[in-house]
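Participant: no letters, just coordinates:
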Ligand SMILES: [Zn+2]
C-alpha cells in the first residue's frame, strides 16, 4: 500500500444574504423566526422565489413559531464534527406554528424513544446570536423555548452577511514514483522520467506521459541537471487571503534545465532581490539541509523534495529573445 | 429530448470498483480510457471530443480536472469539456455535441476517490448554504428522512428494503439484517451504499461510424434530465416529479424496457423509482447489483448507462438507465438505449 499524505483544507465562505434571508437572520438574533407568504402558504425557511414555480415572491414576511410539531425525524447516534450537538440527537423536519413547510433542525431529545411524529418542540436559543441558523442551538421537547448561556441581546444592526467554514481532512496516496523523486533529492539529485514512445522527459514523479497516455516507472528514470536558465518570471504581490504566509512581493520563475527540454515552473528564487531577477539569468538549484526537512518534504508542496529554490550561479546571462516563450 | 441523428454507445470500461485504491484519479482514468477504446481498435488520436465528470470537493483539490486531462492524451490540443457532475451528465453533453454533426467520436468519463475524505463532512458543503450546510446536514440524514416518507406512503417497508439489499448484493439473510441496529432510523447498514473508488469511460459515435466499430451499437434514443428544489423542505419526498417528467419526455409509458439500471444508492430509492416509473415485475432492476454493490462517486451513474448498453450488446432490445445528483434524488437523468436487428 502506498504512503498516504494527510491534508486538512478549510473552506471559508462569506456570503451576502439578500433581503429575505437577511431579514430571517436578523430576526433570529431577536429570537424570532420568519417565514414568507406564497399565496396561502407560509414558507419556512423563507425564499426569494417560489420553489415550485420560480415566481418571485413579494418579500411578505410573517412571524411563525417559535414552537412547532415534528413531522418526520431520524436519530443520529454518532454525530459528526459539523453537527449542531456533540451527543446523539434527532434531525427532524419541524413544522413551526403558522408555517406550511417544515424546517430541518436538530432536536436534543436524549433518546430515540422520546421522539415521535407529532411531538411538540421549541427552540433552545444561543445566548450570543450572530444571525445564523445556528443561533438556534437545537430544538427541545415541549412548548418552552430556552436560552443557552447569558442572553447577549439582538444584533445592533441588520445582518447582511454570514460566515461559513468547513474543514475537511483528505488522505491521498503518494505515487511510488513521486516518493522516488523525493528520495533522490536527499542526494541533491533531480530525477525525471523519459517516455519510451515520444522520448519527452518529465520532471517529478508524475508516473505517466500525458501525450501518449503510457505509464512511466523506475525503468524510465533519468538524472536532470541542477543548473538552468530563467525563461520567464512573475513578481507576486501577496493578497492576504486566509492561509497566506507571504507578506512581501516575491518571485516565481520558470527554469529551463541544461541539456533537456524540461521546465520547472513556479520556482522560488533565493538570495536575489525580486527586482534583480532577469530572463536569461543562469541559476543553480539550492537544496535544503536535512535539518530543514518539513513534513511536506521541502519546497513547493514537496514535489522535488529538498529542492527549495534557485540562485544565480555567476555565469553570464543567455541572450535569446525566444526564451520567454518557454514556460511549459 | 429525443434525436433524429443516430448516436450510439459502442463501448465502455471501468476500473476495479474497490473500497480503496492507491491509484490517483488520473491513473484510474488512464486505464479506464485505454480499456474502453482499445477493443474498438481506436487510439486517443481518433477521439474528437472528451467530456470528464468529477468533483473537486471530493478530490480535495481545486481544478483537479486539469490533471485528469493527462489521461486523454490532449496533444495536439483537443476539444474538451468538464462537468462537476457524475459522468452521466458528461455523456449528456457529449451526446448534444455529436448532434452538431461535424465530429464522430466522443469519450466521456466519470471518476472519484471517495475513500479520500469523509463523505459525511464533504456533502453538507453542497447543500443549501444558509439553512442546511451550517447544520452539517449530511446525505445519510436526508436519505433517512426520505426513507421514512417512502415507508409512510406505503411504497416500501423495512422488510422490502432489506430484500432489495439482499437481491442487489447477492448475499445476506433478510431476517438477520432486520435484527441489526439502525445507522439512521429507519436505515440500517444494508440500506446504505458502500464507499467505492473507481472510474469509468464510455465511447459514443455517430450512426455510420458506430456501425463500423461494432456489430450491435446501443443507440441512445432519448436522454432527459430534470431538477427539483435544492432544499428538501419544499419537496414531496415520497414522489419524484423530476423522474416523472423525464420519463414522459422519453415516452417511456409506451416503450417497454427489459432492464432498468438505476443509480439508487439507498434501498428505498430503488423502491421509490420502481414505483414512480411504474416498472412491472417483468423489468429486471439493477441486474448489475446497482450502487448498493459498488458506488464509485461521480462514475456511478455512467456505470448504470454502461450496464444498460451491455444489455444491448448482449442482444437485448431496450434498456433504461438513470443517474441522480443532490439530496433525496434532487436531480435526475434518464437515458434510453436500444438495439436494432
Ligand atoms: Zn510520450
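Facilitator: Ah, there it is. These numbers come from a predicted model, not from an experiment. Residues are numbered from 1 along each chain as shown, chains lettered A, B, ... in the order given.

Participant: ok, and the closest non-adjacent residue to the residue of the stretch 1-150 of chain A found nearest chain B?
Facilitator: Here the stretch 1-150 of chain A gets closest to chain B at one residue, residue A:82, 2.8 Å apart by CB to the nearest CB. Glycine gets a C-beta too; all of them are placed from N, C-alpha and C. Of all residues not flanking residue A:82 in the chain, residue B:136 sits nearest, at 2.8 Å (CB to CB, 6 or more residues apart in numbering or on different chains).

Participant: can you give me the helices for the chain?
Facilitator: The chain I'm using is chain A. For chain A, the helices defined by DSSP state H cover A:18-29, A:176-185.

Participant: my question was about chain B
Facilitator: Using DSSP H, the helices found in chain B span residues B:25-37, B:56-59, B:64-68, B:87-98, B:119-122, B:139-152, B:158-169, B:174-178, B:207-213, B:241-249, B:267-276, B:300-313.

Participant: is the ion contacted by the first one?
Facilitator: No. Helix B:25-37 stays out of contact with the ion when judged by CB under 5 Å from the ion, the minimum separation being 12.4 Å.

Participant: anything in that helix near chain A?
Facilitator: Yes. Helix B:25-37 reaches chain A (CB under 8 Å from any CB of the partner chain) through B:26, B:27, B:30, B:33, B:34.

Participant: any idea of the pLDDT on residue B:277?
Facilitator: Predicted confidence (pLDDT) for residue B:277: 97.

Participant: check contacts around it.
Facilitator: B:243, B:247, B:252, B:260, B:320 (CB atoms under 8 Å, 6 or more residues apart in numbering or on different chains).

Participant: same thing but at 7 Å, please
Facilitator: If you count contacts by CB atoms under 7 Å, 6 or more residues apart in numbering or on different chains, residue B:277 has them with B:243, B:247, B:252, B:260.

Participant: now swap in residue A:46 and tell me
Facilitator: Contacts of residue A:46 by CB under 7 Å, 6+ apart are A:20, A:24, A:34, A:35, A:36, A:61.

Participant: ok, residue A:176 next?
Facilitator: So residue A:176 contacts residue A:2 (CB under 7 Å, 6+ apart).

Participant: weakest of the helices of chain A in terms of mean pLDDT?
Facilitator: Minimum mean pLDDT among the helices of chain A: helix A:176-185, a mean of 90.

Participant: domains in the chain, as residue ranges please.
Facilitator: Chain wasn't specified; assuming chain A. Using automatic domain parsing, the domain parsing of chain A gives A:3-166, A:175-325.

Participant: hmm, no, I was thinking of chain B.
Facilitator: B:7-117+B:194-213, B:119-191, B:220-338.

Participant: export these to TSV and tack on distance to residue A:216?
Facilitator: Shown next, in TSV, are these (distance: least, CB to CB, whole Å):
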stretch	distance to residue A:216
domain B:7-117+B:194-213	11
domain B:119-191	31
domain B:220-338	25
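
Participant: so which of those is nearest residue A:97?
Facilitator: Each of the domains of chain B has some distance to residue A:97 by CB to CB; the shortest is domain B:220-338, at 16.1 Å.

Participant: contacts (any at all) between chain B and stretch A:236-245?
Facilitator: No. On the criterion CB under 7 Å from any CB of the partner chain, stretch A:236-245 is out of touch with chain B, staying 12.6 Å away.

Participant: nearest to chain A, out of the residues of helix B:25-37 next to chain A: which one, please.
Facilitator: residue B:30 (5.6 Å).

Participant: which positions in the stretch 201-328 of chain A make contact with the ion?
Facilitator: Residues of the stretch 201-328 of chain A lying near the ion (CB under 5 Å from the ion): A:209, A:211, A:212.

Participant: look up the closest residue to the second one, ignoring the ones flanking it.
Facilitator: Spelled out, it's residue A:211. residue B:75 (4.7 Å).

Participant: same question, the last one
Facilitator: Closest residue to residue A:212 in three dimensions, ignoring its sequence neighbours and counting by CB to CB, 6+ apart: residue A:197, at 4.2 Å.

Participant: and for the one you found, the neighbour number?
Facilitator: For residue A:197, the neighbour count with other CB atoms under 10 Å in any protein chain shown is 10.

Participant: is it in contact with residue A:214, as I believe?
Facilitator: Yes. If you go by CB atoms under 7 Å, residue A:197 and residue A:214 touch, sitting 5.9 Å apart.

Participant: if we can go back for a sec, please name the residues that touch the residue of the stretch 1-150 of chain A closest to chain B.
Facilitator: Taking CB under 7 Å, 6+ apart as the test, what residue A:82 contacts is A:166, B:121, B:124, B:136.

Participant: how near is residue B:288 to chain A?
Facilitator: Residue B:288 sits 27 Å away from chain A, going by CB to the nearest CB, to the nearest Å.
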